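dropping the sequence and predicted coords here.
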Amino acid sequence: MAFTAEEIRRSLAALGEMPITGLQILSAQALAVQYYPHLDAGQPVLILGLSERSQATRLQQTLLQVYPADHAVTLAHDGDTTVLPLGELAERADCLPGTILLIPPLAQPASYEALQDIIVHLRSPEGCPWDRELTWARLRGSLLEETYELLAALDTENAAKVREELGDLLLQIGLQAEIATEEGLFRFGDVIAGIVTKLIRRHPHVFGDAVVTGTADVLANWEAIKAAERRNNGEKRSPLAGIPPGLPALAQADAYLDRMSRLQEQKAPAAPWAALAKLPSDAPVSTELLGEVLFGLVAWARARGLDAESALRAANARFAATVEAQLT
């Protein structure tokens, strides 16, 4: 929906003396069909054309992806203004023709642009000497470390820690993208465009006309689409190609089994440990046999909805805690 300059002028006049530096003007109709709002929450937002209750409900759902429910917003209509929490917008908005909604900026920067601005500043001549010396190669170790710290936080299900570690990992991505930008390889926008295009292409049942009946169909379609992509690119690869060789062994086995399960049914062994259990206690065990048993355990765990890598990490943590407790 397009708005005339006069409509925008009247809307601004209805706000009186409210500060609107950096104001973004958006359509309620366009915003209400988005699942994540296309806006900068670090700047004020003026939403025009709010005219239906159902629209207000959908708009509230979308905005709550970025703003907290208690974020104060202002409704204005014919010179009357009402300040209310965003979480009450759907039930309290009158939605009369000409109603506008003003959303003030968040108190703390919360957009990706704010993060990337900090990253670029750190690597600028006015920034930090240490950050300026970072390269892709130098970031490899910290990227891996931050990934494992996030996994550890996920294992504890500590939301505050997960949030912190996600931020640390996001910083790594931002630094990698900025280095590429400086070297003229690509920009962060290219990274976003690439993954957005891929997600749309690989979900034809959401963004196209394909019909699926469940997760199995989705995964089968996904593998077929990826195979077609490889053919179009002239690639001849194993179905397991692309799974990182540096993954921990249990996680790699799980990834192999997951990938193949999308192409054909994978039968898990009933008791993968049986081959070891029937051996005499002093019998030698080959690394090949041990590896087959461990691989079978991963398959056995997958069949029961268990993640072998996470289970072993948790067991390691319990063992470390027991050892530490014995020292006190």
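Noted; the coordinates are in hand.

in PDB, list the C-alpha atoms belonging to the top helix by length along the chain.
Identified as the longest helix of the chain according to DSSP state H is helix 159-182. Only the C-alpha atoms of helix 159-182 are listed here, as PDB (Å, rounded to 0.1, in the frame of the first residue of the first chain):
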ATOM      1  CA  ALA A 159      18.800 -19.800  28.300                       C
ATOM      2  CA  ALA A 160      21.000 -16.800  29.500                       C
ATOM      3  CA  LYS A 161      24.200 -18.700  28.600                       C
ATOM      4  CA  VAL A 162      22.800 -19.800  25.200                       C
ATOM      5  CA  ARG A 163      21.900 -16.200  24.400                       C
ATOM      6  CA  GLU A 164      25.500 -15.100  25.300                       C
ATOM      7  CA  GLU A 165      27.200 -17.800  23.300                       C
ATOM      8  CA  LEU A 166      24.900 -17.200  20.300                       C
ATOM      9  CA  GLY A 167      26.200 -13.600  20.400                       C
ATOM     10  CA  ASP A 168      29.800 -14.700  20.500                       C
ATOM     11  CA  LEU A 169      29.200 -17.000  17.500                       C
ATOM     12  CA  LEU A 170      27.400 -14.200  15.700                       C
ATOM     13  CA  LEU A 171      30.500 -12.000  16.300                       C
ATOM     14  CA  GLN A 172      32.600 -14.600  14.600                       C
ATOM     15  CA  ILE A 173      30.300 -14.600  11.500                       C
ATOM     16  CA  GLY A 174      30.400 -10.800  11.400                       C
ATOM     17  CA  LEU A 175      34.200 -10.700  11.600                       C
ATOM     18  CA  GLN A 176      34.500 -13.300   8.800                       C
ATOM     19  CA  ALA A 177      32.100 -11.400   6.600                       C
ATOM     20  CA  GLU A 178      33.900  -8.000   7.200                       C
ATOM     21  CA  ILE A 179      37.300  -9.500   6.300                       C
ATOM     22  CA  ALA A 180      35.800 -10.700   3.100                       C
ATOM     23  CA  THR A 181      34.300  -7.300   2.400                       C
ATOM     24  CA  GLU A 182      37.600  -5.600   3.000                       C
END
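
can you give me the buried ones in that helix?
Of all the residues in helix 159-182, those buried under the rule 16 or more other C-beta atoms under 10 Å are 162, 165, 169, 171-181. (Glycine included, C-beta is placed from N, CA and C.)

same check, this time on stretch 272-281
By neighbour count on 16+ other C-beta under 10 Å, the buried set for stretch 272-281 is residue 272.

now could you export just the CA positions of it as CSV?
Coordinates of the C-alpha atoms in stretch 272-281 are reproduced here as CSV (Å, rounded to 0.1, in the frame of the first residue of the first chain):
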residue,chain,number,x,y,z
PRO,A,272,25.4,-53.0,19.0
TRP,A,273,27.4,-53.8,22.2
ALA,A,274,26.7,-57.6,21.9
ALA,A,275,29.9,-58.1,19.8
LEU,A,276,32.0,-56.9,22.7
ALA,A,277,29.9,-58.4,25.5
LYS,A,278,30.3,-62.0,24.2
LEU,A,279,34.1,-61.7,24.1
PRO,A,280,36.2,-63.1,27.1
SER,A,281,37.3,-60.4,29.4
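
ok, residues contacting that stretch?
With contacts defined as C-beta atoms under 8 Å, 6 or more residues apart in numbering, stretch 272-281 is touched by 271, 285, 289, 290, 292, 293, 295, 296, 297, 299, 300.

what do you get for stretch 185-202?
Contacts of stretch 185-202 (C-beta under 8 Å, 6+ apart): 116, 173, 174, 177, 178, 180, 181, 207, 222, 225, 226.

mind checking which helix or strand the first one is in?
Applying DSSP states H and E as the criterion places residue 116 in helix 112-122.
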